[in-house]
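Colleague: predicted model and sequence below, questions to follow.
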Amino acid sequence: MSEASELPKKEKEEVAPEPEEQSDDSSEEEAAGDTEMDFLRNLFSSTLGLGSAEKVLDELTLDGVAHYIKSGKCKNIICMVGAGISTSAGIPDFRSPGTGLYANLQKYNLPYPEAIFQIDYFKKHPEPFFALAKELYPGQFKPTICHYFIKMLKDKGLLRRCYTQNIDTLERVAGLDGEDLIEAHGTFYTSHCVSFCCRKEYNLDWMKEKIFSDDIPHCDKCSSLVKPDIVFFGENLPIRFFTSMKLDFPSCDLLIIMGTSLQVQPFASLVSRVSKSCPRLLFNMEKTGQADPLFGLLGFGGGMDFDSDKAYRDVAYISTCDDGCLALAGLLGWKEELDELVKKEHARIDSQNKKEKVSENKGAAAKASTASATPESKKEE
Ligand SMILES: [Zn+2]
């Protein structure tokens, strides 16, 4: 993948960070302005018939998508993924309301539940966030079939980029590297000192050790707080999200949207950034991303259109993400290869976890024996 090397050399207006929806500073208006521009662009192009909307798929089914991929005309696939691709790995949807998570926050005495992910609150009271991180920390990182399907797209030279809303790092564990990925809401994979003058980087092992020893992580250089690189409310999305988006989406041949309800902006608006001819495939438990029906009636495009008379490029496959990927892999003749990859990688992770457990136990045993060998507490008796 060489796309990242084609990134523009920091044109100022291109890299100006746009905020996420929840931020309450003035830049929120800029994002709203951008969405409004998208809306107007879509409105004009659809009512004036601008932009060509070629029908690329021979049928609006998973078969149609598979034929297209096999035709060799589809070389730049973008995946857009959300929490739904990680649920089969046992990872709770970290930030969305309605998952029961917010209901469990009472014990932390927060002024209001969302405060736990708010950057200003965190800087003053980091304890609740780290307590929750420990509680929710997955026992083991095991990517799902869906993650490995994306890895296969990469191995076959078909993946332009994977845009993820997830912070669980499973894409990386499955073998995608930083170049392949836009982690729109950040990641636990790396952490940084929150001091603007310092910004020292820390890795996942370092952070994990702090979290599990109930130690609030402080920078060893300047002793400021250290925070995982997940995007808190009140923080900007990573700049790479905006720079890559502008280069990736216009040249996308197929957009595969998996496990996201397309509710969180600006992520959700990405679906309208592909060309008018670009087919869009959705793997999800329900149809999502459709434009307001009223706008649809008026002929204003923009959203997904799976079922109307005018539908020509959007395909919804209602299933879990794993089942959707298995079905598509089957149609592409990749099923055995995918099964093999999942089996091999899961076995590798299992054996790695076993080794870690053994060394952890050894470590604990060693600690215990040194503790009993230094009878500090019993000295006085
Ligand atoms: Zn520091």
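Modeller: Structure received. Numbers count the residues shown, from 1 in each chain.
Colleague: who in the stretch 151-300 of the chain is up against the ion?
Modeller: C193, S195, C198, K200, C219, K221, C222, S224 (C-beta under 5 Å from the ion). In short, each C-beta sits where N, CA and C put it, glycine included.
Colleague: buried ones among the residues you listed?
Modeller: C193, C219, S224 (16 or more other C-beta atoms under 10 Å).
Colleague: just the ones in strands from those, please.
Modeller: Among those, the members found in strands (DSSP state E) are C193.
Colleague: TSV please, covering the buried ones among the residues of the stretch 151-300 of the chain next to the ion and showing distance to L254 and pLDDT.
Modeller: Output for those, formatted as TSV (distance: C-beta to C-beta, whole Å; pLDDT from 0 to 100):
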residue	distance to L254	pLDDT
C193	40	97
C219	43	97
S224	44	96
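Colleague: got a markdown table for the buried ones among the residues of the stretch 151-300 of the chain next to the ion, with distance to T61 too?
Modeller: Formatted as a markdown table, those follow (distance: C-beta to C-beta, whole Å):
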| residue | distance to T61 |
| --- | --- |
| C193 | 51 |
| C219 | 53 |
| S224 | 54 |
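Colleague: where exactly do the helices run in the stretch 151-300 of the chain?
Modeller: Using DSSP state H, counting those that start in this stretch, the helices of the stretch 151-300 of the chain run over residues 170-173, 204-212, 239-248, 293-297.
Colleague: ok, the stretch 1-150 of the chain next?
Modeller: Using DSSP H, counting those that start in this stretch, the helices of the stretch 1-150 of the chain run over residues 12-15, 27-47, 62-70, 119-124, 127-136, 145-155.
Colleague: of the helices of the stretch 151-300 of the chain, which approaches A316 most closely?
Modeller: helix 293-297 (15.2 Å; C-beta to C-beta).
Colleague: could you give the bridge partners of N236?
Modeller: P19 (DSSP bridges).
Colleague: comparing the helices of the stretch 151-300 of the chain by mean pLDDT, which bottoms out?
Modeller: Per-stretch mean pLDDT for the helices of the stretch 151-300 of the chain is lowest at helix 293-297 (a mean of 53).
Colleague: now the element after that helix, going C-ward?
Modeller: Per DSSP states H and E, the first helix or strand lying C-terminal to helix 293-297 is strand 314-318.
Colleague: and T164, how far from I78?
Modeller: Separation of T164 from I78 (C-beta to C-beta, to the nearest Å): 11 Å.
Colleague: burial measure for D229, as a count.
Modeller: By the measure other C-beta atoms under 10 Å, the count of residues near D229 is 19.
Colleague: please read the previous query as pertaining to K70.
Modeller: 12.
Colleague: over to G64?
Modeller: There are 17 residues near G64, going by other C-beta under 10 Å.
Colleague: contacts only, for it.
Modeller: Counting by C-beta atoms under 8 Å, 6 or more residues apart in numbering, G64 makes contact with L57, D58, P279, V315.
Colleague: which among these gets closest to the ion?
Modeller: P279 (46.8 Å; C-beta to the ion).
Colleague: from I182, how far out is the nearest residue to T164 once chain neighbours are set aside?
Modeller: For T164, ignoring the flanking residues on the chain, the nearest one in space by C-beta to C-beta, 6 or more residues apart in numbering is V81 at 4.9 Å. Separation of V81 from I182 (C-beta to C-beta): 11 Å.
Colleague: low pLDDT regions in the protein?
Modeller: Residue ranges of the chain with pLDDT under 70: 1-52, 92-104, 138-139, 291-302, 363-381.
Colleague: report the longest helix in it, please.
Modeller: helix 335-373 (DSSP state H).
Colleague: next, the angle helix 204-212 makes with that one.
Modeller: Using axes from the mean of the first three to the mean of the last three C-alpha atoms, to 10 degrees, the direction of helix 335-373 lies 50 degrees away from that of helix 204-212.
Colleague: report the buried residues of helix 335-373.
Modeller: Buried residues in helix 335-373, counted by 16+ other C-beta under 10 Å: L338, L341, V342, E345, I349.
Colleague: much appreciated, bye for now.
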